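Trainee: I'd like to go over a predicted model; first the sequence, then the structure.
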Amino acid sequence: MARNRYDVDEVLETPFDFAHLKRSFVYIKKYKGKMITALVLSVFAAISGLLGPLITQYALDNTIPQKNMGQLVLLTLAFVGTIAVSITFSTIRSRIMTVVGQDIIFDIRTDLFKHLQELPFEYYDNRPHGKILIRVVNYVNSVSDMLSNGIINVILECLNMLFIMIFMFFVNVKLSLVVLSGLPIFAVIMMMIKKRQRKAWQDVSNKSSNLNAYLQENITGARVTQIFTREEENAQIFDRLSEKYRKSWINAVKYSNLVWPATDNVSTLVRAAIFVVGLLVLTPAAVSLGTIVAMTSYASSFWQPIMNLSNIFNNFINNIAYLERIFETLDEPATIADKPNAQDIGDITGEVKFDDVTFSYEQGKTVLEHISFDVKPGESVALVGPTGAGKSTVVSLLSRFYDLDSGKITIDGKDISQATLHSLRSQMGIMLQDSFIFSGTIYDNIRYGRLDATEEEIREAAKIVCADEFISEMKDGYMTEVNERGSKLSGGQKQLISFARTLLSDPKILVLDEATSSIDARTEKLLQQGLQRLLVGRTSFIIAHRLSTIKNCDKIMYIDNKGIAECGTHDQLIAKKGEYYKLYTAQHMDE
Ligand SMILES: Nc1ncnc2c1ncn2[C@@H]1O[C@H](COP(=O)(O)OP(=O)(O)OP(=O)(O)O)[C@@H](O)[C@H]1O
């Protein structure tokens, strides 16, 4: 998939069809009981509202000319009653639908979040995270009204139209036909606007997504921005994105704004036609004043649902662009998922074998080629080599964060691509280069991967990695609240917490990717002692640029040129006087 920058519009792979709307019924049908109740209430509210003009007509044509005061009072009370029923039922309906709308938001968002958690790293590597956020937050909010109220309103407005027609035809057939004659004019106008309008709103959604992506990137990178004093340039980029968003919005609103006046004009024309036809063509003798007043009232009522429908239609057009995005995310395949016949890998001893493994992140650009090596259970293996050589990639493949181009990786003789991800990853402890800290307490951060860990176990893990001392010195100790990304902690402290988190999961295979790079030399020495105890009985892969930390590993692999350039113990590689020797002596001399 092409990489998507913050300023590149996303391409929708699937054009809109009604299947999207049909698919959204999955979310709606759960609430059909409440929706039917709301619909019934709305129908009663509408019928009640429609009785008003009939009462008026009767009063104008009979009660008032006969000066029947008693009847007039009764009719006035009935008129007020219809309005009261209409308002009460509409209010209850609106309350029910607010709850349904929120329930639908909840369901879609839960599905999206669950799915996002299963998507491969590749998905996140390929798009700005702000564009993912906007789908889960803004787009879901937007579509909820369409899926709850929108669909009810469509049914309701259609029913409303039907009822009004029945009432109109009941009052006067000829004048009803005059009202209906406005419909074809309206249909032609709508067809002309519809397609352009949909495209325009899709553009708005793209531009708002771009803006969000840039904003999110800049919040995350705020420190770097200030360090490099890039504020002005970034503000200009933001202005450009904002301007594009503003223009796209104005353009889209231009189309939407055509719908209202078009409907309004047709409605006014039709009402004028009623007067003309009623008074001049049919003559007052044939049509009473009450009939003309009732018919103009019905005519404006008749165009009300049409105006509402065109409004809903507008809303649908905007929201369908969002719905497409939501379904696109839900349809994103979890490529790194359990195969159909995946098996639990069982309790592993930690024997690892790479068999002729070739891998590329992007098609045609291999990062590793034909790599083969064996690691016995409990062995410690160091991966060293130049930046970008592929060390982290090797351990990512072992955890099956990516699938191979060719070759096979086995653990205890079992192909990891055929194992369930949970059984594989739950026996691995991986400490990535980026020691991510979640918002919450230090305590919660350490037990992130093992919620059932006891306080003693948490403290013990922290002690082994020499984190207990600095944590205990904090005002609230283990209960100290840290921000997302651990902004209140030093780089080394973050690494130690993340280290404790990895150890607490008691893995059979331990992966430490630059786990101690930010830790001072004294703490690292202490840490090494604790680590030696801890590595016993576990297979470990350690990536480190500081070679002094991996000297004692059972095996050192020097990764370069897409493969293993050298492999052996520290002494063997020093004696070989190859690349490792050069690197080690260079570092040794520096020290
Ligand atoms: N998600 C990714 N998408 C595309 N290419 C990637 C991705 N991650 C890494 N690469 C590329 O793969 C190569 C190997 O990267 P890797 O992170 O494995 O190197 P490394 O040896 O661990 O480097 P370092 O010592 O700097 O951590 C690099 O050229 C890098 O640009």
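Mentor: Thanks, I have it.

Trainee: The nearest residue to residue 111 once chain neighbours are set aside: neighbour count?
Mentor: Closest residue in space to residue 111, ignoring its immediate chain neighbours: residue 330 at 6.4 Å, by C-beta to C-beta, 6 or more residues apart in numbering. In this view, the C-beta of every residue, glycine as well, is placed from N, C-alpha and C. A count of nearby residues for residue 330, using other C-beta atoms under 10 Å, gives 15.

Trainee: Tell me if I'm right that residue 330 and residue 113 touch.
Mentor: No: using C-beta atoms under 8 Å, residue 330 is not in contact with residue 113, being 10.9 Å away.

Trainee: Export only the CA atoms of stretch 429-441, formatted as PDB.
Mentor: C-alpha atoms of stretch 429-441 as PDB (Å, rounded to 0.1, in the frame of the first residue of the first chain):
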ATOM      1  CA  GLY A 429       9.100 -10.900  26.400                       C
ATOM      2  CA  ILE A 430       9.900  -8.100  24.000                       C
ATOM      3  CA  MET A 431      11.400  -4.900  25.000                       C
ATOM      4  CA  LEU A 432      11.300  -2.600  22.000                       C
ATOM      5  CA  GLN A 433      13.700   0.300  21.300                       C
ATOM      6  CA  ASP A 434      10.900   2.800  22.100                       C
ATOM      7  CA  SER A 435      10.100   2.200  25.700                       C
ATOM      8  CA  PHE A 436       6.500   3.300  25.500                       C
ATOM      9  CA  ILE A 437       4.900   4.400  28.800                       C
ATOM     10  CA  PHE A 438       1.100   4.600  29.100                       C
ATOM     11  CA  SER A 439      -0.700   7.200  31.000                       C
ATOM     12  CA  GLY A 440      -1.500   5.900  34.500                       C
ATOM     13  CA  THR A 441       0.600   4.800  37.500                       C
END
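
Trainee: buried sites along it?
Mentor: Buried residues in stretch 429-441, defined by neighbour count with 16 or more other C-beta atoms under 10 Å: 429, 430, 431, 432, 435, 437, 441.

Trainee: if we can go back for a sec, for the ligand, see how far away the residue nearest to residue 111 is.
Mentor: Residue 330 sits 23 Å away from the ligand, going by C-beta to the nearest ligand atom, to the nearest Å.

Trainee: Show me what the helix or strand that contains that residue is packed against.
Mentor: Here residue 330, judged by DSSP states H and E, is contained in helix 289-331. Counting contacts by 3 or more C-beta pairs under 8 Å, 6 or more residues apart in numbering; DSSP states H and E, helix 289-331 is packed against helix 18-23, helix 32-58, helix 69-118, helix 140-145, helix 151-171, helix 173-180, helix 182-220, helix 231-275.

Trainee: Point out the most buried one among those helices.
Mentor: Of all the helices and strands packed on helix 289-331, helix 140-145 has the most neighbours on average by mean count of other C-beta atoms under 10 Å, namely a mean of 21.

Trainee: check contacts around residue 424.
Mentor: For residue 424, the contact set (C-beta atoms under 8 Å, 6 or more residues apart in numbering) comprises 345, 399, 400, 411, 416.

Trainee: ok, 10 Å please
Mentor: 338, 342, 344-345, 348, 398-400, 411, 414, 416-417, 509 (C-beta atoms under 10 Å, 6 or more residues apart in numbering).

Trainee: I'd like the mean pLDDT over stretch 236-252, please.
Mentor: Averaged across stretch 236-252, pLDDT comes to 93.

Trainee: and the chain, which residues reach the ligand?
Mentor: Counting by C-beta under 6 Å from any ligand atom, the residues of the chain close to the ligand are 125, 361, 362, 367, 385, 387, 388, 389, 390, 391, 392, 393.

Trainee: ok, now which ones touch residue 505?
Mentor: By C-beta under 10 Å, 6+ apart, residue 505 lies in contact with 425, 426, 427, 428, 429, 430, 447, 448, 449, 450, 453, 461.

Trainee: One more: residue 501?
Mentor: The contact partners of residue 501, by C-beta under 10 Å, 6+ apart, come to 429, 431, 435-438, 444-450, 453, 458, 461-462, 465, 467.

Trainee: Just these: which are in helices?
Mentor: Members of these lying in helices (criterion: DSSP state H): 444, 445, 446, 458, 461, 462.

Trainee: possible to save those residues as JSON lines with pLDDT?
Mentor: Conversion of those to JSON lines gives the following (pLDDT from 0 to 100):
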{"residue": "444", "pLDDT": "91"}
{"residue": "445", "pLDDT": "91"}
{"residue": "446", "pLDDT": "92"}
{"residue": "458", "pLDDT": "93"}
{"residue": "461", "pLDDT": "88"}
{"residue": "462", "pLDDT": "90"}
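
Trainee: could you pull out the strands for the stretch 401-550 of the chain?
Mentor: For the stretch 401-550 of the chain, the strands defined by DSSP state E, counting those that start in this stretch occupy 406-411, 414-415, 428-431, 440-441, 481-482, 509-513, 539-543.

Trainee: Give me the buried subset of the residues of the chain next to the ligand.
Mentor: When those are checked for burial by 16+ other C-beta under 10 Å, the buried set is 367, 385, 389, 390, 391, 392, 393.

Trainee: I'd like the next helix or strand past the helix holding residue 330.
Mentor: Assigned by DSSP H and E, the successor of helix 289-331 is strand 352-362.

Trainee: So the residue of the chain positioned farthest from its centre: helix, strand or coil?
Mentor: Largest separation from the mean C-alpha position in the chain: residue 66, at 67.0 Å (C-alpha atoms, centre = their mean). Under DSSP: H, G, I helix; E, B strand; the rest coil, the three-state class of residue 66 is coil.

Trainee: and it, how far is that from residue 75?
Mentor: 12 Å (C-beta to C-beta, to the nearest Å).

Trainee: now residue 82
Mentor: Using C-beta to C-beta, residue 82 is found at 11 Å from residue 75.

Trainee: Residues that sit against both of those two, list them.
Mentor: Common neighbours of residue 82 and residue 75, counting by C-beta under 10 Å, 6+ apart, are residue 55.

Trainee: related to what we said a few turns ago, distance to residue 493 for the helices and strands packed on helix 289-331 - can I get that in JSON lines?
Mentor: JSON lines is the format used below for the helices and strands packed on helix 289-331 (distance: least, C-beta to C-beta, whole Å):
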{"stretch": "helix 18-23", "distance to residue 493": "47"}
{"stretch": "helix 32-58", "distance to residue 493": "51"}
{"stretch": "helix 69-118", "distance to residue 493": "27"}
{"stretch": "helix 140-145", "distance to residue 493": "37"}
{"stretch": "helix 151-171", "distance to residue 493": "53"}
{"stretch": "helix 173-180", "distance to residue 493": "75"}
{"stretch": "helix 182-220", "distance to residue 493": "20"}
{"stretch": "helix 231-275", "distance to residue 493": "29"}
